[in-house]
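K.L.:
sequence and computational prediction follow.
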Amino acid sequence: MVTSPRSLGILNLERGLVAGESPAESDIDAFKERLDFPIIAETVTGAWADNVIQGDPALEPAYVAAAHRLVERGAIAISANCGYSVRHQAAIAAAVSVPVVATSLILLPLLLRQYPSWAKIAVIAADSTCLDDEMLGIDDPTERKRIVVGGIEGGILWKNEMKRPALWTEPADVEAEVSTCVARLRADHPEIAAVLFECTLFPLVAPAIRRATGLPVYDITTLCQLTFSSVA
């Protein structure tokens, strides 16, 4: 096992072999573009976008095993490149001795406290039909009403990610789909004061969404930055 410098470890989904790339390193561009510290990755065996998004409890041992490999290589904090990994957050955190932030969704309690009680938080997901209340982690019914969820299911990115191997999606297509989703939610809920991206591919278009909406936009790299700076 080769030990890396103190790094952020990413639990990577299966991607399939792409010419000139390592499967463990081929899908973390959104992290590398936004974060200025070392990043390493380990693939979670058997975890493809389709079965992670839809939920498969049988993947939990593979998540834990990959997390152990990351720690052995020098990870001082661990995240994941799919927000639906939230289903395994507790098991991973219990298995390793470093902070685990498997999903941006664990920012929700913090965001609800940052904004006034009338304000709403828009959660933009890869597939809103697979995002349930347990994954949001907000038990108070009053607070839950402040969260509105939208998704880009059925779009270009979703269709590409559901394939094995997954296909590349142009950033312009991602931006267009996310922009449409945000605009639709804002039309229905003018009280939206901030946006939280579930999908770990969305940070690539976060600056564009901030400029277009004027709203604060949070994503997995926001949480990784906070977590890594606290331990590094």
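P.N.:
Happy to help now that I have it. It should be emphasised that the depicted structure is a prediction, and the values quoted were computed from it without experimental measurement. Residues are numbered from 1 along each chain as shown.

K.L.:
which residues touch V149?
P.N.:
A122, V123, A125, S128, L131, L136 (C-beta atoms under 8 Å, 6 or more residues apart in numbering). Backbone N, C-alpha and C define where each C-beta goes, glycine included.

K.L.:
ok, now how distant is the closest residue to the fourth one other than its chain neighbours from I192?
P.N.:
When you say that, I think you mean S128. Nearest residue to S128 in three dimensions, chain neighbours excluded: G151, at 3.0 Å (C-beta to C-beta, 6 or more residues apart in numbering). Here G151 is placed at a distance of 15 Å from I192 (C-beta to C-beta, to the nearest Å).

K.L.:
repeat for R34
P.N.:
In terms of C-beta to C-beta, R34 sits 23 Å off from I192.

K.L.:
now A75
P.N.:
Distance from A75 to I192, by C-beta to C-beta: 35 Å.

K.L.:
of those two, who's got more company?
P.N.:
More neighbours surround A75 than the other of A75 and I192, with 29 against 20 (other C-beta atoms under 10 Å).

K.L.:
what values do phi and psi take at the residue lying closest to that one once chain neighbours are set aside?
P.N.:
In space, A75 comes closest to G9 once its chain neighbours are excluded; the distance is 2.9 Å by C-beta to C-beta, 6+ apart. Main-chain dihedrals, G9, degrees, to the nearest 10: phi -100, psi 130.

K.L.:
and after the least confident helix or strand in the chain by mean pLDDT, which helix or strand comes next?
P.N.:
The weakest-scoring helix or strand in the chain, judged by mean pLDDT, DSSP states H and E, is helix 29-34 (a mean of 73). Next helix or strand after helix 29-34 toward the C-terminus (DSSP states H and E): strand 39-43.
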